[in-house]
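Trainee: next input, structure requested:
(one chain, ligands or ions: 1)
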Amino acid sequence: MADDGMLMNFTIGDSVIKPEAKFKGGTWRDRLTAKKRSAHRVSEKEPGDGEAAARNAASKNPNQIQLGTRPVKRQRTEDTDSFNRPSAPRSGGDRRPQQHPRDPRQFISSLFSSNPEARNPEEPKEERDAEDAKPTNAPLIDGLDTFTNLGLSPNLAAHLLTKLELKAPTAIQTSSITQLLKEESDAFIQAETGSGKTLAYLLPLVQRIMDLSKAKNEHTDTQVHRDSGLFAIILAPTRELCKQISVVLENILRCANWIVCGTVIGGEKKKSEKARLRKGLNILVATPGRLVDHLDNTEALEVSNVRWLVLDEGDRLMDMGFEEELQGIVKKLDARQRPSRVPGVPTRRTTILCSATLKMNVQKLGEISLKDAVHIKADPSDEDEEKSNKEEEESFRVPAQLKQSYAIVPAKLRLVSLTAYLKRTFMRKGSVMKAIVFMSCADVVDFHFELFSRNQDREQQRKSDEEQKDGKDEKDEKDEKDEEKEKLSAHGTIAPGRAFSTPTNPVILHRLHGSLPQNVRTATLGSFSRSTEACVMICTDVASRGLDLPNVDLVVEYDPAFSSDDHTHRIGRTARVGRDGRALVFLQPGCEENYVEVLKRGYRDGGKALTRTDANEILKRGFGGNDKKKNWEEKTTDWQIDVERWALDNPDYLEMARRAFQSHVRAYATHTSAERSMFNIKELHLGHLAKSFALRDRPGKINVPGLRPGQEDTKKDFKAARNGVAGNKRKAEDAPSSTNVTDEAARKMRAKMREHMSGANEFNLA
Ligand SMILES: Nc1ncnc2c1ncn2[C@@H]1O[C@H](COP(=O)(O)OP(=O)(O)OP(=O)(O)O)[C@@H](O)[C@H]1O
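Mentor: Predicted structure coming up:
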């Protein structure tokens, strides 16, 4: 009974699909643990309930997909008796599903049969048909504003021009520099991604501290120096962001080297951070958890002079559950503030909140931290009084020049379509230099990294060696493979992207997710940023917010974001400061098509530039080519069969594929409640989906126990962090994915997330 037969074994349970599922917080693993615990409680209360008991028994394996009883039987889409039919030799034109001859639990289905049709059939519209829109986040080169006439000192403005090559401010910089130099009121800076928000708050802040030196000169003839006191604190949610901000700040301060900045972001010994604080800093960049820790435990951190507090990426700070810390920080700064000995230091503190989006949680953070704040926008005339709060909150703006498209791709064709799309993208050297592919979680990233970097020549060589001399030593093979990857990266996060490289355009593949240790993440991001070769980074949402990676031409959302805000941030990694950029999101036919309305909301013109494509179009372009012996369908099928065999022949990869599949299904169930009707797990065809993970297994049989390889270290890290003061916040900052959190950590995390999170941003961390 084809794939439907598989689905009957794969029961979707209350815990995953019930709309009233209550646990929103923590990583998806945390939420799953919580759900299991509650399921366990229910079954204890109802000992006679066989179904619950069965579910409870199944839940003993932490990695088994808990999908309970499927309430509505889905319409059959394959031949009903294909499971019982004896497997016949396959010919190019035979598209019937087949049982795998080696293993009755396996099942080979054809790529091109029984795929659901799009609900809203529309002609694919080519990207090039879309009109070029004027960039909305570019520097205002043609405008009258220069950094000098906005009020920055000639010294600083000249430094920006000559050393940092910044000729003119962007619109948000114009508005914010004017405002923040002129007045001392609190401010909320809101502007689209890639519009230069970091400099929008850093430049006026540095200018004000430089002015303190002038004031001091008049009185004492000495400049502000590192011992004069800490004047400003900048908080950002992750270490990566803090490091990025600190690099920008150091670059600016090269023209005022008597002002000293530093970071406290964890990831190094607290002792060295303390030593840095003791030596004296004027501007501090910190993650909230670490700052709280130092405020409580480090005497050398003296905050009585702090007059500027910046909360960067406000929405993410709240999504990550930092509300309590931020509240505590604001209170402590208020309580410890004293009149400053330094002339010119303002009497009150200015707080600046920065965000690309204006969600309820950002408003809440505003309530906690801001008093009579001015709302600074790129274009003040943008203020649409007619707009209701709800509309304002729901709408998000993407840079107008960003060309977005969506591809309607059935589950079975997802892997081949992504491969074809990337093949096509990198066919010609120089057309696209850097692309980011977002996936749902770390296991999915790891699997695709292996798959796209696999060496087919080596595989073939191995097979023929095996035939010729009864097999080569497997260990040697593994060593060779590892060696090859190590040539590109000491950490195994960079490898040749063979699946879409051409002889003239080799593509380098990177992988990034929160389960990697911090130093590996930093090294991988650094390598991707610096690369002058064509390269692709496959990653989770850990790379979605705030990161400024130069020259990203394309963003692919292979797995749609868990919330529309995440989507805004993801696509915001391209089309930055006026540059061109393209973004593509994969959607499956059916309820996911409704997501197009969400995409349209990002545009001022209702999404006229949004284009549509479909799997066949992508496959034709990617697998078509000049070879006339086979058509694109045959070539696509050959490629798919090849990767399925690759997975079958390598137990390690097969396990990775299975693990990726089960993690993906769990992740799918965690879209924000507002968007869950568009990403409805009941409509997910698990048999078809398994195929896009190169699997021939029945979904019900996919059950990979234990931790993913390499996760033991992360677990240790997490345990250590749990015992520290930062507790679960450290987790957010370090962003490890943890399978085995304790009750207490899980409870705290749940409580926090339940309070603040509307979705699954914690997936960013997995
Ligand atoms: N006036 C300018 N002229 C040219 N480049 C600029 C200017 N201002 C900022 N940039 C560059 O633009 C890039 C993006 O800046 P930044 O990271 O501050 O954007 P952002 O608005 O914070 O984006 P996101 O919302 O994604 O965090 C940086 O590389 C920065 O150097």
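
Trainee: and the closest residue to T148 other than its chain neighbours, what does it touch?
Mentor: The shortest distance from T148 to any non-neighbouring residue, by Cβ to Cβ, 6 or more residues apart in numbering, is to A157 (4.2 Å). (Glycine included, C-beta is placed from N, CA and C.) A157 makes contacts with T146, F147, T148, as judged by Cβ atoms under 8 Å, 6 or more residues apart in numbering.

Trainee: which SSE is A157 in?
Mentor: According to DSSP states H and E, A157 maps onto helix 154-162.

Trainee: avg pLDDT for that helix?
Mentor: Helix 154-162 comes out with an average pLDDT of 94.

Trainee: any idea how the protein splits into domains?
Mentor: Following the TED database, one finds the domains of the chain at 147-377, 402-462+484-620.

Trainee: which of these sits closest to the ligand?
Mentor: domain 147-377 (3.0 Å; Cβ to the nearest ligand atom).

Trainee: could you tell me the end-to-end distance of that closest one?
Mentor: 18 Å (Cα to Cα, to the nearest Å).

Trainee: over to stretch 261-275?
Mentor: Note: stretch 261-275 ends 14 Å apart using Cα to Cα.

Trainee: buried residues in it?
Mentor: Across stretch 261-275, burial judged by 16 or more other Cβ atoms under 10 Å covers C261, G262, T263, V264, I265, G266, G267, K270, E273, K274.

Trainee: quick one: the fourth one and E250, what's the gap?
Mentor: The one in question is V264. 15 Å (Cβ to Cβ, to the nearest Å).

Trainee: run a quick neighbour tally on G497.
Mentor: Neighbourhood size, G497 [other Cβ atoms under 10 Å]: 22.

Trainee: what's the closest non-adjacent residue to L451?
Mentor: L451's closest residue in space is V643 (Cβ to Cβ, 6+ apart), at 6.2 Å.

Trainee: one step back: return the subset of the buried residues of stretch 261-275 lying in strands.
Mentor: Judged by DSSP state E, the subset of the buried residues of stretch 261-275 located in strands is C261, G262, T263, V264.

Trainee: once you drop chain neighbours, what's closest to the first one?
Mentor: With Cβ to Cβ, 6+ apart as the measure, I283 is the residue that lies nearest to C261, at 4.1 Å, once sequence neighbours are left out.

Trainee: what of P139?
Mentor: Nearest non-adjacent residue to P139 (Cβ to Cβ, 6+ apart): A168, at 4.5 Å.

Trainee: OK, contacts around that neighbour?
Mentor: P139, L140, I141, G143, D145, T146, F147.

Trainee: likewise K371?
Mentor: D186, T351.

Trainee: check for me that it belongs to a strand.
Mentor: No: using DSSP: H, G, I helix; E, B strand; the rest coil, the secondary structure at K371 is coil, not a strand.

Trainee: picking that back up, now the element after the stretch of helix or strand the residue nearest to L451 belongs to, going C-ward?
Mentor: Element membership of V643 [criterion: DSSP H and E] is helix 632-649. Using DSSP H and E, the helix or strand that follows helix 632-649 towards the C-terminus is helix 651-668.

Trainee: give the buried residues for the biggest helix by length in the chain.
Mentor: For the chain, the helix with the greatest residue count under DSSP state H is helix 197-220. With burial defined by 16+ other Cβ under 10 Å, the residues of helix 197-220 counted as buried are 197-210, 212-213, 216.

Trainee: same thing with stretch 631-642?
Mentor: By neighbour count with 16+ other Cβ under 10 Å, stretch 631-642 contains the buried residues W632, E633, K635, T636, T637, W639, Q640.

Trainee: what's in contact with it?
Mentor: Stretch 631-642 has contacts (Cβ under 8 Å, 6+ apart) with 92, 108, 110-112, 415-416, 419-420, 456, 619-620, 623-625, 627, 630, 691, 694.

Trainee: what about the closest residue to A256 other than its chain neighbours, distance to F231?
Mentor: In space, and not counting its chain neighbours, A256 is closest to M210: 5.2 Å by Cβ to Cβ, 6+ apart. Remark: distance between M210 and F231 (Cβ to Cβ) = 11 Å.

Trainee: thinking again about what came up before, send me the helix holding A157 as PDB with only the CA atoms.
Mentor: C-alpha atoms of helix 154-162 as PDB (Å, rounded to 0.1, in the frame of the first residue of the first chain):
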ATOM      1  CA  PRO A 154      35.400  66.500  11.700                       C
ATOM      2  CA  ASN A 155      37.900  64.100  13.200                       C
ATOM      3  CA  LEU A 156      35.400  61.200  13.500                       C
ATOM      4  CA  ALA A 157      33.800  62.000  10.100                       C
ATOM      5  CA  ALA A 158      37.100  62.000   8.400                       C
ATOM      6  CA  HIS A 159      38.000  58.700  10.000                       C
ATOM      7  CA  LEU A 160      34.800  57.200   8.800                       C
ATOM      8  CA  LEU A 161      35.500  58.400   5.300                       C
ATOM      9  CA  THR A 162      39.200  57.600   4.900                       C
END
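
Trainee: okay, buried residues for stretch 686-703 please.
Mentor: Of the residues in stretch 686-703, 686-702 count as buried by neighbour count, 16+ other Cβ under 10 Å.

Trainee: what average pLDDT does it get?
Mentor: 87.

Trainee: how long is it from one end to the other?
Mentor: Using Cα to Cα, one end of stretch 686-703 lies 14 Å from the other.

Trainee: and R349, what does it touch?
Mentor: By Cβ under 8 Å, 6+ apart, R349 lies in contact with V306, R307, W308, L309, L333, D334, Q337.

Trainee: how about the backbone phi and psi for E597?
Mentor: Torsion angles at E597 (phi, psi; degrees, to the nearest 10) stand at phi -60, psi -40.

Trainee: tally of neighbours for it?
Mentor: 11.

Trainee: do you know the pLDDT at it?
Mentor: pLDDT, E597: 90.

Trainee: how about low-confidence regions in the stretch 501-650 of the chain?
Mentor: Counting by pLDDT under 70, the stretch 501-650 of the chain has low-confidence residues at 627.

Trainee: that one: helices as residue ranges?
Mentor: Counting by DSSP state H, counting those that start in this stretch, residue ranges of the helices within the stretch 501-650 of the chain are 518-530, 564-571, 595-601, 615-623, 632-649.

Trainee: what about the second one and the ligand, any contact?
Mentor: Okay, so that is helix 564-571. No: applying Cβ under 6 Å from any ligand atom, one finds helix 564-571 separated from the ligand by no less than 6.5 Å.

Trainee: can you give the contact residues for that helix?
Mentor: Taking Cβ under 8 Å, 6+ apart as the rule, helix 564-571 contacts 193, 315, 356-357, 359, 394, 396-398, 402, 404, 436, 438, 541, 544-546, 555, 557, 560-561, 581, 583, 585, 598-599, 601-602, 672, 675, 759, 761, 764.

Trainee: residues of the stretch 1-150 of the chain that sit close to the ligand?
Mentor: Proximity of the stretch 1-150 of the chain to the ligand, by Cβ under 6 Å from any ligand atom, involves residues P139.

Trainee: if we go to 8 Å?
Mentor: Applying Cβ under 8 Å from any ligand atom, one finds that the stretch 1-150 of the chain approaches the ligand through N137, P139.

Trainee: so what sits against both of M210 and F231?
Mentor: With Cβ under 8 Å, 6+ apart, M210 and F231 have no common neighbours.

Trainee: about what we covered before: restrict the ones in strands among the buried residues of stretch 261-275 to those near the ligand?
Mentor: Subset of those in contact with the ligand: empty, counting by Cβ under 8 Å from any ligand atom.

Trainee: got a markdown table for those residues, with distance to R290 and pLDDT too?
Mentor: Converted to a markdown table, these look like this (distance: Cβ to Cβ, whole Å; pLDDT from 0 to 100):
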| residue | distance to R290 | pLDDT |
| --- | --- | --- |
| C261 | 16 | 96 |
| G262 | 12 | 95 |
| T263 | 9 | 95 |
| V264 | 5 | 95 |
